[in-house]
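J.: any chance you can model this:
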Amino acid sequence: MPDQAQPLPVATALPLLLLVDDDPLIADTLQFALRKQFSVIAADSCTHALRLLRQRNTLPHLALIDLGLPPHPHKPDEGFRLIGELLAMIPDIKIVVLSGQSDEVNARHARALGAVDFVAKPCDPQAICATLARAQQALQAEATPEAEIGDLALVGGSPLLQRLRSQIRQFAPAPFPVLIVGESGTGKELVAHALHLASPAAQKPYLVFNCAAIAPNLVESTLFGHAKGAFTGAASTRPGYFEDAGDGTLFLDEIGELPLEMQAKLLRVLETGDFQRVGETQVRFSKARIVAATNRDLREEARAGRFRADLYHRLSVFSIDMPPLRELGHDRLALLAHFRSQYCKQMQYQPFGLAPDAEAAWLAYPFPGNVRELRNIVIRLVTKYPGQTLAAVTVCAEFDVGALAGGQQAAETADDLIAAAMRELQYGGEFNLDQTLKAWENRYIEAALRLSRGNVSQAAKLLGINRTTLYGRLGPDFK
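T.: All right, here's what the predicted structure looks like:
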């Protein structure tokens, strides 16, 4: 049966929570434990979860997901993929990860991708409820007008941020499309909203359409509207986003996910303003300004035949490249102060402080998840250590270990790493795998010991291994 025929669920008074776990016993236990606080949407895989969400008109803003999901339940890959898919679909969703006791490294990587926290398995329902309550508090804090105004201030004074502000002031008054390009978590939607607020249409509608959040066969009717009876399930005539936006701003997020057949229709609207509702012959006209965003290289997508080159050129009349957080220097401290103030005020907690070594570690960390990751780390520090001055070992416990030790290399894809290994094996002369692995192990151990100031227990915790195991790898001469 087509997706249009599926009845849409009715919103409930309880907050919606997406629960994804392939273990029926754990899933049933959690649903029972959480039923009084949340309306639970349960799924047993990444694909199942995304299919359920694309059939809904009310999306959850909280998620509790297992990392080990089918078809590879003993690996974290599907869990990592689901985190990315959920954040693309619902950018402000708060994701709590369920992780095995020995999965500290994977849990940290999940947080770097955008998860706000994790709970160890076997699951303690009370710990899960407390963690979800903190995430709910963070959502409420972000929903306040004070939070919105503060975020739109584009915190930071680096040259890159100054250039970004200049581009917003320069492009905002013009009615032409703007394409915002940048890594996930860099704040593309924030810049789109800032463009709207600085434009002559600031008092007109501002609508956000996420191209990755809607099933492909529903995109056309959602964007352009439909007539009654146009397809199975179209019980009434409805306008689409282009009509609702009027002469305001329509922000098309994740534009690279737009199906090819829809790209031609979007191109026509951009060129002429003309469009038709599904099932109608009447031509309508849109005056909405289009702002689009993507984390893909659309020029490369066009060369590969996955994105129309003419649409790319039409969208990029103006183009804004979002700088990754690792390039913003001391802006990382300014953002820390901004989010700390915001969440301490809303949650009525005393602010934490950073010792000098913690501040240095903060500036050295590359934040592969960008501003989204930084914000989530601040939320955790606010809730765990109110009023305390934190040492580097405490702060670094919230970092992704791979990014901490490997810097920007952690942001490389698996294919990049494989290509580098192939070059080394082919051209690097004599190679010894055991020596290479030992060198990497020693580098991680040395990094952990420096961060923990020689405290072996803390270093072992950072490395995700037992203290006695670390002593064994340090050798008998270690004092």
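J.: confirm Glu78 sits in a strand?
T.: No: counting by DSSP: H, G, I helix; E, B strand; the rest coil, Glu78 is not part of a strand but helix.
J.: for it, which non-adjacent residue is closest in space?
T.: Leu69 (3.9 Å; Cβ to Cβ, 6 or more residues apart in numbering). In this view, the C-beta of every residue, glycine as well, is placed from N, C-alpha and C.
J.: do Leu86 as well
T.: Per Cβ to Cβ, 6+ apart, closest to Leu86 is Ile93, 5.4 Å.
J.: list phi and psi for that neighbour.
T.: Per-residue torsions, Ile93: phi -70, psi 140 (degrees, to the nearest 10).
J.: ramachandran coordinates for Pro261?
T.: Actually, residue 261 is Glu. It isn't Pro. Given degrees, to the nearest 10, the pair of backbone angles that Glu261 has is phi -70, psi -30.
J.: next, count neighbours for it.
T.: Per other Cβ atoms under 10 Å, the neighbour tally for Glu261 reads 10.
J.: any idea how far Arg306 is from it?
T.: Using Cβ to Cβ, to the nearest Å, we find Glu261 at a distance of 13 Å from Arg306.
J.: what sits against the residue nearest to Leu86?
T.: Ile93 is in contact with Leu59, Pro60, His61, Leu62, Ala63, Leu86, Leu87, counting by Cβ atoms under 8 Å, 6 or more residues apart in numbering.
J.: go ahead and confirm Ala360 touches Ala392.
T.: Yes: counting by Cβ atoms under 8 Å, Ala360 touches Ala392, with 7.1 Å between them.
J.: neighbour count: the two, which is higher?
T.: Taking neighbours as other Cβ under 10 Å, Ala360 and Ala392 compare with Ala392 leading, 22 against 13.
J.: now render the contacts of Ile93 as a markdown table, adding distance to Leu374 and neighbour count.
T.: Shown next, in a markdown table, are the contacts of Ile93 (distance: Cβ to Cβ, whole Å; neighbours: other Cβ atoms under 10 Å):
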| residue | distance to Leu374 | neighbour count |
| --- | --- | --- |
| Leu59 | 24 | 16 |
| Pro60 | 24 | 22 |
| His61 | 20 | 17 |
| Leu62 | 20 | 23 |
| Ala63 | 20 | 28 |
| Leu86 | 19 | 26 |
| Leu87 | 14 | 21 |
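J.: using the three-state scheme, assign the most centrally placed residue in the chain.
T.: The residue lying closest to the centre of the chain (Cα atoms, centre = their mean) is Leu87, at 4.1 Å. What three-state DSSP gives for Leu87 is helix.
J.: residue contacts, it?
T.: By Cβ under 8 Å, 6+ apart, Leu87 lies in contact with Ile93, Ile95, Leu113, Gly114, Ser184, Gly185, Arg372.
J.: just those: which are in helices?
T.: The members of the contacts of Leu87 that map onto helices under DSSP state H are Leu113, Arg372.
J.: got any ranges where the chain has weak pLDDT?
T.: 1-13, 100-104, 142-153, 401-431, 453, 475-479 (pLDDT under 70).
J.: distance check, Leu195 against Tyr241.
T.: Going from Leu195 to Tyr241 by Cβ to Cβ gives 17 Å.
J.: more neighbours, those two?
T.: Legend: neighbour count by other Cβ under 10 Å for Leu195 and Tyr241, higher for Leu195 (27 against 19).
J.: hmm, the more buried one is touching Val178, no?
T.: Yes: the pair Leu195 and Val178 qualifies as a contact (Cβ under 8 Å) at a distance of 6.1 Å.
J.: for the contacts of Ile93, which one is nearest Lys345?
T.: Nearest to Lys345 among those, counting by Cβ to Cβ, is His61 at 20.6 Å.
J.: and the contacts of Leu87, which are buried?
T.: Neighbour-count burial (16 or more other Cβ atoms under 10 Å) is assigned, among these, to Ile93, Ile95, Leu113, Gly114, Ser184, Gly185, Arg372.
J.: so who does the nearest residue in space to the fifth one that is not next to it in sequence touch?
T.: Which is Ser184. In space, and not counting its chain neighbours, Ser184 is closest to Asn295: 5.1 Å by Cβ to Cβ, 6+ apart. Residues in contact with Asn295 (Cβ under 8 Å, 6+ apart) are Val181, Gly182, Glu183, Ser184, Lys188, Glu254, Gly256.
J.: for Asn217, helix, strand, or coil?
T.: Secondary structure, three-state DSSP: Asn217 is helix.
J.: run a quick neighbour tally on it.
T.: 13.
J.: over to Gln276?
T.: 17.
J.: all strands for the stretch 51-200 of the chain, in order.
T.: 62-66, 94-100, 117-121, 178-181 (DSSP state E, counting those that start in this stretch).
J.: got CSV for those, with distance to Ala107 too?
T.: Converted to CSV, the strands of the stretch 51-200 of the chain look like this (distance: least, Cβ to Cβ, whole Å):
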stretch, distance to Ala107
strand 62-66, 11
strand 94-100, 4
strand 117-121, 4
strand 178-181, 30
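J.: relative to Cys46, which of the ones you listed is closest?
T.: strand 62-66 (8.6 Å).
J.: ok, back up a step: so the residue nearest to Glu78 makes contact with His48?
T.: No: counting by Cβ under 8 Å, Leu69 sits too far from His48 to count as a contact (9.1 Å).
J.: of those two, who's got more company?
T.: Shown here are Leu69 and His48; by other Cβ under 10 Å, Leu69 has more neighbours (26 against 15).
J.: what sits against the more buried one?
T.: By Cβ under 8 Å, 6+ apart, Leu69 lies in contact with Val20, Asp21, Asp22, Asp44, Ser45, Cys46, Glu78, Gly79, Leu82.
J.: change it to 7 Å
T.: For Leu69, the contact set (Cβ atoms under 7 Å, 6 or more residues apart in numbering) comprises Val20, Asp22, Ser45, Cys46, Glu78, Gly79, Leu82.
J.: and those residues as TSV, adding neighbour count and distance to Leu433?
T.: Shown next, in TSV, are the contacts of Leu69 (neighbours: other Cβ atoms under 10 Å; distance: Cβ to Cβ, whole Å):
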residue	neighbour count	distance to Leu433
Val20	27	37
Asp22	17	34
Ser45	18	35
Cys46	23	33
Glu78	22	28
Gly79	28	29
Leu82	27	33
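J.: between which two of those is the distance greatest?
T.: It's Asp22 and Leu82 that sit farthest apart of those, by Cβ to Cβ, at 11.7 Å.
J.: which strand or helix spans Glu300?
T.: Take DSSP states H and E as the rule and Glu300 turns out to sit in helix 298-303.
J.: just the buried residues of that helix, please?
T.: Residues of helix 298-303 classed as buried under the neighbour-count rule (16+ other Cβ under 10 Å) are Leu298, Glu301, Ala302.
J.: the helix or strand just after that helix packs against which elements?
T.: Using DSSP H and E, the helix or strand that directly follows helix 298-303 along the chain is helix 309-315. Packing contacts for helix 309-315, counted by 3 or more Cβ pairs under 7 Å, 6 or more residues apart in numbering; DSSP states H and E, involve helix 260-272, helix 298-303.
J.: 10 Å instead, please
T.: strand 178-181, helix 260-272, strand 289-294, helix 298-303 (3 or more Cβ pairs under 10 Å, 6 or more residues apart in numbering; DSSP states H and E).
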